[in-house]
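> Predicted structure and sequence below. I'll ask about it afterward.
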Amino acid sequence: MTKMIGDDTEAELRRLRIQKTMKDVQNERDYRNIPINKVGIKGLRYPVTVLDRNKGNQFTVASINMYVDLPHECKGTHMSRFVELLHLFRPKLSLKTFSDILTRMKSHLNAESAHIEVTFPFFIEKQAPVTGTPGLMDYTCRFIGSVNSNCKVDLISEVVVPISSVCPCSREISEVGAHNQRGKVYLSTRFKKFIWIEDMIELVEKNASCDVYSVLKRSDEKYVTERGFSNAKFVEDIARDIALELNADKNITWFAVAVENYESIHNHNAYAYITSGKEPDI
C-alpha cells in the first residue's frame, strides 16, 4: 500500500498526544530541600574530532561526562537532553567549541552551572631518533570545561605523557650503570589563547631524561640508553624543569604538573607535584 503524506502528520500528532498524557516525574517538586552540585551523564563513548597541528583534524573516540547543577526544589534533570545537545555539535567538539556547548547546556537544562569533561587518545607519528623509523605514539588527553551562574567559562587542557628517567643518585654511586624506569607526566594548563596538544607533549618530553618511542632499532636503542644516562633526573628535577618553562610562558595563566616514576628497584613509585598557585574561583 502506498504511504500517504497525511500518515506522517497523523503519526506525529499521536506521538504528541501520548507524550502530553505521560507523567513527567522528574519535573515534580522535591521536598528534601537539598541541592545537587553535579548531576548528568558519565562515561558516554562518542566519536569526536580534535585539532591536529600537522593534519588539521584527527578523528578519535572520547569518553564524555556532562553535568549541571540541580536546585533543591527540582526532583531530577533531563538526562536525554545531554546526548541530544552533544549530537548538535558533532563532530566539532574541541576547546574552541567548549564555550558554546557549556552555554547551551546551561540554557537547555535551565541550570545555574554546567560542566563537561572529554577524555580521548591522541595519536602522534613519531620517528625513532637515529634510524627515523616511524611509529604511532598515543597520549591520553582531557578537556575540562565549566560555566558558572555569572556565565564565566573556565577551560583546562590536560595531557598524560609517558617518559623515561635515570636516577642521578644511582648513576653517581654505581661503578657500572644506573637504574632507570618509565614514568608518566600529568600536565594541566589554563591559558589565554589556544594551545596545541602537541606543544604540551613536546614540552614534557624534552624535560625528561629521555622520551619514549613506539619503534626502536638497535642504533635507536643505543641512543636512548646513552641519552638517558647522560641526562639523569629525579622526579623533582623533571617537575621543576617543566614548571620553569611554564612560568616563563605568558600565555599560561595556571598549571599543575605531576610526575610519577614506576621505580624499577623499589616496591613503590616516586612522585612530585607542582602547581602555579590557587585555582581560579569559578
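The structure has been received and is ready for your questions.
> what secondary structure does the residue lying closest to Arg171 once chain neighbours are set aside sit in?
Excluding the flanking residues, the one nearest Arg171 by C-beta to C-beta, 6 or more residues apart in numbering is Ala178, at 3.6 Å. Bear in mind the C-beta positions are built from the backbone N, C-alpha and C, glycine included. Here Ala178 is recorded as coil under DSSP: H, G, I helix; E, B strand; the rest coil.
> got it, and the one 5 residues further on?
Secondary structure of Gly183, reduced to three states by three-state DSSP: strand.
> what's near enough to touch it?
Going by C-beta atoms under 8 Å, 6 or more residues apart in numbering, Gly183 touches 162-165, 208, 235, 238, 259-262, 270.
> If any of the residues you listed are buried, give me the ChimeraX selection for them.
Selecting just the buried residues from the contacts of Gly183 in ChimeraX takes one command, with 16 or more other C-beta atoms under 10 Å as the test:
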select :162,163,164,165,208,235,238,259,260,261,270
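> ok, of the contacts of Gly183, which one's closest to Arg104?
Within the contacts of Gly183, distances to Arg104 taken as C-beta to C-beta reach their minimum at Pro162, with 35.7 Å.
> got the buried residues for the one helix or strand Asp154 maps to?
Using DSSP states H and E, Asp154 sits in strand 153-166. Of the residues in strand 153-166, those scored as buried under the neighbour-count criterion (16+ other C-beta under 10 Å) are 154-166.
> Name every strand pairing with that strand and say which way it goes.
Counting by DSSP bridges, the strands paired with strand 153-166 are strand 134-147 (antiparallel), strand 180-191 (antiparallel), strand 210-211 (antiparallel).
> in the stretch 1-150 of the chain, which spans are strands?
Assigned by DSSP state E, counting those that start in this stretch, the strands in the stretch 1-150 of the chain fall at 36-52, 56-70, 114-127, 134-147.
> Quick one: the ones you listed as CSV, columns for mean neighbour count too.
Conversion of these to CSV gives the following (neighbours: other C-beta atoms under 10 Å):
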stretch, mean neighbour count
strand 36-52, 15
strand 56-70, 18
strand 114-127, 18
strand 134-147, 18
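> Make JSON lines out of those and add distance to Trp254 and mean pLDDT.
Compiled in JSON lines, the strands of the stretch 1-150 of the chain are given as follows (distance: least, C-beta to C-beta, whole Å; pLDDT from 0 to 100):
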{"stretch": "strand 36-52", "distance to Trp254": "21", "mean pLDDT": "93"}
{"stretch": "strand 56-70", "distance to Trp254": "21", "mean pLDDT": "93"}
{"stretch": "strand 114-127", "distance to Trp254": "17", "mean pLDDT": "96"}
{"stretch": "strand 134-147", "distance to Trp254": "12", "mean pLDDT": "96"}
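> Any idea which of those gets closest to Phe89?
For Phe89, the closest of the strands of the stretch 1-150 of the chain is strand 36-52, at 9.3 Å, according to C-beta to C-beta.
> For the closest one, give me every contacting residue.
By C-beta under 8 Å, 6+ apart, the list of residues contacting strand 36-52 reads 57-70, 76-77, 79, 82-83, 86, 90-94, 96, 115, 118, 120, 122, 141, 196-197.
> List the strands paired with that strand, with their directions.
With DSSP bridges as the test, strand 36-52 is paired with strand 56-70 (antiparallel).
> and the angle for the partner strand with strand 114-127?
Our comparison of strand 56-70 with strand 114-127, counting by axes from the mean of the first three to the mean of the last three C-alpha atoms, to 10 degrees, yields an angle of 160 degrees.
> In CSV, list the C-alpha atoms belonging to strand 56-70.
Output in CSV follows, covering the C-alpha atoms of strand 56-70 (Å, rounded to 0.1, in the frame of the first residue of the first chain):
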residue,chain,number,x,y,z
GLY,A,56,44.3,19.7,10.6
ASN,A,57,41.9,17.3,12.2
GLN,A,58,42.2,13.9,14.0
PHE,A,59,39.3,11.6,14.5
THR,A,60,39.1,9.7,17.8
VAL,A,61,36.7,8.3,20.3
ALA,A,62,36.2,10.1,23.6
SER,A,63,34.7,9.2,27.0
ILE,A,64,32.4,12.1,27.9
ASN,A,65,31.0,13.3,31.2
MET,A,66,28.4,16.1,31.3
TYR,A,67,26.8,17.7,34.4
VAL,A,68,24.7,20.6,35.5
ASP,A,69,23.6,21.7,39.0
LEU,A,70,20.1,20.9,40.3
